[in-house]
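K.L.:
Got a predicted model here, sequence first, then my questions.
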Amino acid sequence: MNKEEITQLKEQCRQNRCNILKMVHNSKSGHLGGGFSSVEILTVLYKKVMKCSPDWDKSPKHNERDRFVLSKGHGSAALYAVLAQRGYFLEKELMTFRQLGSRLQGHPNTHLPGVEVPTGSLGQGLSMGCGMAMALKLDKNPAHVFVLMGDGELQEGSCWEAFMHAPHRGLNNLTAIIDRNKLQIDGATETIKALEPLADKLKTFNWEVKVIDGHDIEQIYNALENSRNSEKPTAIIANTVKGKGVSFMENQCSWHGKAPCDQDCSLALEELK
């Protein structure tokens, strides 16, 4: 990836953060903290890595498209911003986020182009990803499955059943990306139920593990691309900052699921611009 591409992606990330902020402010509901922490991951994934297109969505002709599961379904605003930027629907529809009758619900739903499965209840996404990856293997389909998880949901036992299952079934067509912002709605993950040493645990479960800066465009791209060629399922631990991009939101669990008032929205937009 060259410098021009990285610069372009950084600008797209900035635009996505602005849209996420406006969406949550307009609806007076939504999740900014975890949305902001996952922006670079989602932007690189959809813009540079995944084999996907709005024209391919659910088309039998393009069954070899890559699949994506947003396990941390409450981070939907970030996914919607990226899908609109990728051309799955018009950007003006973003302002209908969480409104009655909108396709852009609080958690992703398959009524919206680009959404493979509905998600919301935490701890289920990786299991769905395993099922998709197994089906692709049986069909000899070369498509890859990417699952974006929150670190708080790793306290769910179902995640660890899936972590155990994927290597047993040889699902090297599966990549789990962990948005490791170290905060959840009630506080720090390590205070509530410690996950560390996370990388060592996943390696013990026989996963290929990469630890990266989840806001570094080049590191994200390289880790995602390399996961395609692994002999094992890959877990990418992306160290991120909750609320990334807005100083008074960064590393504050109070911004997990709070909508900004008019003044906070204006201040945040000034910083992002």
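P.N.:
Thanks, I have it.
K.L.:
When you work out contacts or count neighbours from here on, use the C-alpha atoms and nothing else.
P.N.:
Noted.
K.L.:
what are the pairing partners of the helix or strand encompassing A176, and which direction each?
P.N.:
A176 belongs to strand 174-180 when assigned by DSSP states H and E. Strand 174-180 has its sheet partners listed here by DSSP bridges as strand 145-150 (parallel), strand 234-239 (parallel).
K.L.:
Take those and write them to JSON lines, including mean neighbour count, mean pLDDT and distance to Q184.
P.N.:
Converted to JSON lines, those look like this (neighbours: other CA atoms under 10 Å; pLDDT from 0 to 100; distance: least, CA to CA, whole Å):
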{"stretch": "strand 145-150", "mean neighbour count": "25", "mean pLDDT": "98", "distance to Q184": "9"}
{"stretch": "strand 234-239", "mean neighbour count": "24", "mean pLDDT": "98", "distance to Q184": "14"}
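K.L.:
Need the contact partners of the strand holding A176.
P.N.:
Strand 174-180 is contacted by residues 37-38, 126, 129-130, 133, 144-151, 166, 214, 224, 227, 233-241 when judged by CA atoms under 8 Å, 6 or more residues apart in numbering.
K.L.:
pull the CA atoms of it into CSV?
P.N.:
Taking C-alpha atoms only, strand 174-180 is exported to CSV below (Å, rounded to 0.1, in the frame of the first residue of the first chain):
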residue,chain,number,x,y,z
LEU,A,174,-12.0,-17.5,9.0
THR,A,175,-10.5,-14.3,10.5
ALA,A,176,-11.6,-12.9,13.9
ILE,A,177,-10.7,-9.3,14.5
ILE,A,178,-10.9,-8.2,18.1
ASP,A,179,-11.5,-4.5,18.8
ARG,A,180,-9.3,-4.4,21.9
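K.L.:
picking up where we left off before, rebuild the strands paired with strand 174-180 as CSV, extending it with distance to E11.
P.N.:
Shown next, in CSV, are the strands paired with strand 174-180 (distance: least, CA to CA, whole Å):
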stretch, distance to E11
strand 145-150, 22
strand 234-239, 20
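K.L.:
Which stretches in this structure count as helices?
P.N.:
3-27, 33-37, 39-44, 76-86, 125-138, 157-168, 189-192, 198-204, 217-227, 262-272 (DSSP state H).
K.L.:
Can you say which of these is nearest to E250?
P.N.:
Among the helices of the chain, helix 33-37 comes nearest to E250, with 7.6 Å by CA to CA.
K.L.:
which helices and strands does that closest one pack with?
P.N.:
Helices and strands touching helix 33-37, by 3 or more CA pairs under 8 Å, 6 or more residues apart in numbering; DSSP states H and E, are helix 3-27, helix 76-86.
K.L.:
Average pLDDT for the last one, rounded please.
P.N.:
If you average the pLDDT over helix 76-86, you get 98.
K.L.:
going forward can the numbers begin at 51, since that is how I track them
P.N.:
OK, 51 is where the count begins now, so the last one is helix 126-136.
K.L.:
now it against helix 53-77, angle please.
P.N.:
In terms of direction (axes from the mean of the first three to the mean of the last three CA atoms, to 10 degrees), helix 126-136 departs from helix 53-77 by 130 degrees.
K.L.:
Would you mind listing the buried residues in helix 126-136?
P.N.:
Residues 126-136 are the ones in helix 126-136 that count as buried (16 or more other CA atoms under 10 Å).
K.L.:
what sits opposite the closest residue to Q269 other than its chain neighbours in the beta ladder?
P.N.:
The spatial neighbour of Q269 that comes closest, neighbours along the chain excluded (CA to CA, 6 or more residues apart in numbering), is I262 at 6.3 Å. Applying DSSP bridges to I262 gives these bridge partners: A288.
K.L.:
Can you report how many residues neighbour I262?
P.N.:
The local packing of I262 (other CA atoms under 10 Å) involves 18 other residues.
K.L.:
go on, K243?
P.N.:
If you count neighbours by other CA under 10 Å, K243 ends up with 11.
K.L.:
Specify the beta-bridge partners of the spatially most central residue of the chain.
P.N.:
By CA atoms, centre = their mean, the chain has its centre lying nearest to L198, at 4.1 Å. Judged by DSSP bridges, the bridge partners of L198 are L120, I227.
K.L.:
wouldn't it be in contact with G123 here?
P.N.:
No. Taking contacts as CA atoms under 8 Å, L198 lies outside contact range of G123: 9.2 Å.
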